[in-house]
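Participant: A structural model of the following input is requested.
(one chain, ligands or ions: 2)
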Amino acid sequence: MDLEVWIRSIVSGFILDSPENTLGNQENNKAWEEPLVGFSNGNDALYTFYKKDIGEFYLTPLEIFTRTFTDIDVDAARLTVISWILPHNERTKSDNRRRRVYPSERWARARIFGEQVNDKLRGHVVDSLQNRGFRAVAPMLSPIWKVYDNSRYGRASNWSERHAAYASGLGTFGLCDGLITEKGKAMRCGSVVTDMKLQPTERPYDTHHAYCLFFSRHTCGRCIPRCPADAINKSGHDKTKCRNHLRETSVFVKQNYGFEGYGCGMCQTGVPCESKIPTQEDL
Ligand code: SF4
Ligand code: SF4
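Facilitator: Ligands and ions are numbered 1, 2, ... in the order given. Purely as a prediction, here's the structure:
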């Protein structure tokens, strides 16, 4: 089997067929729908741009790879970033659409138990590659992954799944900072860096805001009133206000749903970019 087809089947097969894909509720509902998968080259200029723009602490694929596998000398162009999007299912989205301040139970479950599924998928992709003789690392599972408090953009990590997805042709950023993909913004994403060489996915956009109607058509802005924390305005997304609200949601989730968790997602649901790349007709 062609390597690209094979790795796509590894990612999709896990989500579609594995019992691990669960919200962990009584009904044992699936957390995620069929993923989108894209690839970018380790030498893609975007990765060095991220480092320049976000801060020296931001890691390129080559830095993550060579700090993980210290015994090998590899060229950045030999590396591939495999990126995926895990779309929420319709029930999770419709439950959260009706919420105004705190998340629905399914949304909060997807944030916690769904992200555990994403971690298992990261591990599964790494194991599958290694079993086939390739080296691979999931940055988010690596002890190298860190969050820095004083970046140019405030709190920022040294690897961003959304930025990897943008580089891998999977979507562009919205006014609220979420990534708008073919399956919308109601999703989570993941990535693995490997020395399996794959053809990069074409990026069907010219700018990092191409799919957001606020930037492309000077309309929409529907995510602004959806935010219960006043964290989105015409200048963008206030990470501090957002994080403070997320902290508050943990009390709500514990009291109402009975598990340790948090979540919001108001700006990801009930908006024209929730489940697709929006058009004027969606307004
Ligand atoms: S709701 Fe509208 S303005 Fe907000 S991210 Fe989506 S398309 Fe952009
Ligand atoms: S996650 Fe919630 S608090 Fe944060 S920007 Fe979106 S709507 Fe606002």
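Participant: hmm, who's touching stretch 203-216?
Facilitator: Residues from elsewhere that reach stretch 203-216 (Cβ atoms under 8 Å, 6 or more residues apart in numbering): 166-167, 169, 171-175, 180, 219-221, 234, 272-273, 277-280, 283. Placement of C-beta: from N, CA and C, glycine included.
Participant: In helices only, show me the residues you listed.
Facilitator: If you go by DSSP state H, the contacts of stretch 203-216 have 166, 167 in helices.
Participant: filter the contacts of stretch 203-216 to the buried ones?
Facilitator: For the contacts of stretch 203-216, a burial check counting by 16 or more other Cβ atoms under 10 Å picks out 166-167, 169, 171-175, 180, 220-221, 272-273, 277-278.
Participant: so which of these comes closest to residue 142?
Facilitator: residue 167 (18.3 Å; Cβ to Cβ).
Participant: related to what we said a few turns ago, out of the contacts of stretch 203-216, which are close to ligand 1?
Facilitator: The subset of the contacts of stretch 203-216 within reach of ligand 1, by Cβ under 6 Å from any ligand atom, is 174, 175, 220, 221, 272, 273, 278.
Participant: I'd like these as JSON lines, with distance to residue 97 appended.
Facilitator: Listed next are these as JSON lines, based on distance: Cβ to Cβ, whole Å:
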{"residue": "174", "distance to residue 97": "17"}
{"residue": "175", "distance to residue 97": "18"}
{"residue": "220", "distance to residue 97": "16"}
{"residue": "221", "distance to residue 97": "18"}
{"residue": "272", "distance to residue 97": "12"}
{"residue": "273", "distance to residue 97": "13"}
{"residue": "278", "distance to residue 97": "15"}
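Participant: Quick check: the gap between the residue nearest to residue 134 when sequence neighbours are not counted and residue 23.
Facilitator: The shortest distance from residue 134 to any non-neighbouring residue, by Cβ to Cβ, 6 or more residues apart in numbering, is to residue 196 (4.4 Å). Distance of residue 196 to residue 23, computed by Cβ to Cβ, to the nearest Å: 31 Å.
Participant: These two: which has the busier surroundings?
Facilitator: Between residue 196 and residue 23, residue 23 has the larger neighbour count (other Cβ atoms under 10 Å), namely 24 against 21.
Participant: and the more buried one, what is it in contact with?
Facilitator: Residues near residue 23 by Cβ under 8 Å, 6+ apart: 29, 30, 31, 92, 106, 109, 110, 113, 114.
Participant: again, 10 Å this time
Facilitator: Shown in contact with residue 23 (Cβ atoms under 10 Å, 6 or more residues apart in numbering): 29-32, 89, 91-92, 105-110, 112-114, 117.
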